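Chemist: curious how this folds, go ahead:
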Amino acid sequence: MKAIQKNEATILVVSDDAELRARTRKEMETRREGVHVATVNNLDAAWRAVEDTSPDVIVLEDVSMGAEPEGPRGRAPRLESAVSSLATYAPVVVICGAEHRHELSALVSAGAADYVERSEGCLPLALEHVERRLELTHGFAQNLSPTLAQASEDFGEVLRHELNNPLTGILGNAELLLAEIRRKNDGKLPLGGQQRVETIAALAVRLRETVRRLSQEWQAHRADTP
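Modeler: Here you go, the predicted model:
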């Protein structure tokens, strides 16, 4: 994987709309220094790109899924399943039709994704979500050592903020899944259960990566402290 410098950020844009890809690159590189925008035109290419680019944020336009005949498991993926899988690498800003809003609600509530309804002027809103995500990740990464130097309770606030969303999503999805399994009581995974399991897995990976990142920052702080 590519090593990202502390003040750099990478955004992966997945869209079959060449104009949207170009506008996103131009806007983000104008708004922020040190931003690299990688683009692909379908979901199949996105699975490969996330390994190569290590993105901080992924922007996914749902129509790009139509250019990709089969998902990583040999079947056409649902949007929730695709977003859940991508969220194991980075938060996903999804540009899609209003009919998908409910489908993504669990991922949005868990903090793994942001929903933007597709419209003529939707890109500025999507980029606002991207910038907020970058502030959360890079803002905390850049300011963590000073925070630790100030007081341990400040570090506790960082931990609460960073860990609470994925933990809430994991617990919420697990509780809903267990409730449905107990209600049916037939020993089978309920309808929509696979997507909830995939969401739980995605959030668990995100939680692990968050802990790893915070641990590295803590170790760097200790190494720099006389």
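
Chemist: grab the nearest non-local neighbour of the residue nearest to the spatial centre of the chain.
Modeler: In the chain, the centroid-proximal residue (C-alpha atoms, centre = their mean) is P91; its distance is 1.1 Å. What sits nearest to P91 in space, not counting adjacent residues and going by C-beta to C-beta, 6 or more residues apart in numbering, is R133, at 5.0 Å. For every residue, glycine as well, the C-beta is placed using N, CA and C.

Chemist: and that neighbour, what helix or strand is that in?
Modeler: Counting by DSSP states H and E, the element that carries R133 is helix 123-134.

Chemist: list the buried residues in that helix.
Modeler: Buried residues in helix 123-134, counting neighbours by 16 or more other C-beta atoms under 10 Å, are found at L123, A126, L127, H129, V130, E131, R133, L134.

Chemist: these two touch, right, the first one and R25?
Modeler: No: L123 is beyond contact range of R25, at 11.5 Å (criterion: C-beta atoms under 8 Å).

Chemist: what about stretch 9-23, start to end distance?
Modeler: Stretch 9-23 has an end-to-end distance of 17 Å (criterion: C-alpha to C-alpha, to the nearest Å).

Chemist: same thing with stretch 49-63?
Modeler: End to end - C-alpha to C-alpha - stretch 49-63 spans 18 Å.

Chemist: what is the least confident helix or strand in the chain?
Modeler: Lowest by mean pLDDT, DSSP states H and E among the helices and strands of the chain is helix 140-150, with a mean of 49.

Chemist: circling back: pull the contacting residues for the residue nearest to the centre of the chain.
Modeler: Contacts for P91 (C-beta atoms under 8 Å, 6 or more residues apart in numbering) come out as V57, I58, G111, A112, A113, D114, R133, R206.

Chemist: correct me if wrong: the fourth one contacts I200.
Modeler: I take that to be A112. No: between A112 and I200 there is no contact under C-beta under 8 Å: 10.5 Å.

Chemist: next one: phi and psi at G34?
Modeler: Torsion angles at G34 (phi, psi; degrees, to the nearest 10) stand at phi 80, psi 20.

Chemist: measure it to T24 for me?
Modeler: Here G34 is placed at a distance of 16 Å from T24 (C-beta to C-beta, to the nearest Å).

Chemist: and V116, what are its bridge partners?
Modeler: With DSSP bridges as the criterion, V116 is bridged to I95.

Chemist: measure it to E135 for me?
Modeler: According to C-beta to C-beta, V116 stands 17 Å off from E135.

Chemist: between the two, which one's more packed in?
Modeler: Taking neighbours as other C-beta atoms under 10 Å, V116 and E135 compare with V116 leading, 19 against 10.
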